[in-house]
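Asks: pasting a predicted model and its sequence here:
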Amino acid sequence: MRHLLMTSAVALALSGCATSHMPASTDSYALTTVTSPVQLTEYAHRDDSARARDEYRHPQQTLSFFELSPEQTVVEIWPGGGWYTDILAPYLRDQGQLIAAHWHPESPVGFFKRLRGQFEDDFLTQPELYGNIQLTVLEPPKHLTLAADNSADRVLTFRNVHNWMRNGQEQAVFNAAFAALKPGGLFGVVEHRAPNSFSREQMVDSGYVSEDYVIELATAAGFELVGRSEVNANALDNKDHPKGVWTLPPSLRLGDKDKAKYLAIGESDRMTLKFRKPECDSRTDGCQW
């Protein structure tokens, strides 16, 4: 098991995350003020390699922006190896429910199958730490049900939109997120951020997606944009790298070539967007759920 045994409860020191990669100005963004910050405690089980990425992923601030609370039902789409699961599952363990919309256990894609198996080994064998994580299957276009319709308080995805674009399934996944959410529920999206001038082909090739395109997908699914945050911005990332976003850490696709340069940049510049599924008013003809 890659997780260390949990020792004494300690506070996760995220409130002091580095801000050196934040842009000098955010005047063009409608930043949302967090009024009920998420308090992440008892995370002694997280290993050093996981904690090292807090500087770029800002989990406490990000989850606060998405207005998480411990009694909610939360869907995490394509958790991969479980970096965010390692935080979400203990947070929701006692009062809430985490649903991991993962790949199929018998996926024809070998990488998907292996990572799904590793996820089960890591997170389903320690219920005292992670609780009762429910698993659903997302492999579009065949499997597109994240959770029961109108059942989730939050649906979250971290750096996945570019993956769905490779097979032309991005709109289908956004539609599935809309279906899973309760009316009034929130869809939180963190994604590598491209300039809005990037073509779809450039986005697929580079792994960077424009904010305009993500908002277009969400709007087409029925969502309304209710907030943007620059908490995961990185002004040092110019989005022009030989191997796209994978040139930067943690992938470092070029190996030792210019490694110091890319380590100095850090992880990618990211958008952090919050969408709401509109409330259903049964008195109107427009209520379809």
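Replies: Yep, that arrived. Fair warning: this is a prediction, and the values are worked out from it, not measured in the lab. Numbers count the residues shown, from 1 in each chain.

Asks: now the longest helix anywhere in the chain: mean pLDDT?
Replies: Scanning the chain for the helix with the most residues, using DSSP state H, yields helix 110-123. If you average the pLDDT over helix 110-123, you get 95.

Asks: next SSE downstream of that helix?
Replies: Where DSSP states H and E defines the elements, the next helix or strand beyond helix 110-123 is helix 127-130.

Asks: which strands and helices sit next to that next one?
Replies: Helices and strands touching helix 127-130, by 3 or more CB pairs under 8 Å, 6 or more residues apart in numbering; DSSP states H and E, are helix 85-92. C-beta coordinates here come from the backbone N, C-alpha and C atoms, glycine included.

Asks: for residue 157, what is the enclosing helix or strand?
Replies: strand 152-158.

Asks: quick check: angle from that strand to helix 85-92?
Replies: Calculated by axes from the mean of the first three to the mean of the last three CA atoms, to 10 degrees, strand 152-158 forms an angle of 160 degrees with helix 85-92.

Asks: list the contacts of residue 160.
Replies: Neighbour list for residue 160: 77, 78, 173, 191 [criterion: CB atoms under 8 Å, 6 or more residues apart in numbering].

Asks: repeat that with 7 Å
Replies: Applying CB atoms under 7 Å, 6 or more residues apart in numbering, we find residue 160 in contact with 77, 78.

Asks: can you report phi and psi for it?
Replies: Main-chain torsions, residue 160, degrees, to the nearest 10: phi -120, psi -20.

Asks: how much space separates it from residue 195?
Replies: For residue 160, the distance to residue 195 equals 20 Å [CB to CB, to the nearest Å].

Asks: export stretch 81-100 as PDB, just CAs?
Replies: The C-alpha coordinates for stretch 81-100 follow below in PDB (Å, rounded to 0.1, in the frame of the first residue of the first chain):
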ATOM      1  CA  GLY A  81      -4.600   7.400  -9.000                       C
ATOM      2  CA  GLY A  82      -6.600   9.200  -6.300                       C
ATOM      3  CA  TRP A  83      -4.700  12.300  -5.400                       C
ATOM      4  CA  TYR A  84      -7.900  14.200  -4.600                       C
ATOM      5  CA  THR A  85      -9.600  11.000  -3.400                       C
ATOM      6  CA  ASP A  86      -7.000  10.900  -0.600                       C
ATOM      7  CA  ILE A  87      -8.400  14.200   0.600                       C
ATOM      8  CA  LEU A  88     -12.100  13.900  -0.300                       C
ATOM      9  CA  ALA A  89     -12.800  10.400   1.100                       C
ATOM     10  CA  PRO A  90     -11.700  11.100   4.700                       C
ATOM     11  CA  TYR A  91     -13.500  14.400   4.600                       C
ATOM     12  CA  LEU A  92     -16.800  12.800   3.600                       C
ATOM     13  CA  ARG A  93     -16.300   9.500   5.400                       C
ATOM     14  CA  ASP A  94     -18.500  10.100   8.500                       C
ATOM     15  CA  GLN A  95     -21.400  12.200   7.200                       C
ATOM     16  CA  GLY A  96     -21.300  12.300   3.400                       C
ATOM     17  CA  GLN A  97     -20.700  10.000   0.400                       C
ATOM     18  CA  LEU A  98     -17.900  10.000  -2.100                       C
ATOM     19  CA  ILE A  99     -18.700   8.400  -5.500                       C
ATOM     20  CA  ALA A 100     -15.700   7.800  -7.800                       C
END
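
Asks: having no further points to raise, I will conclude here.
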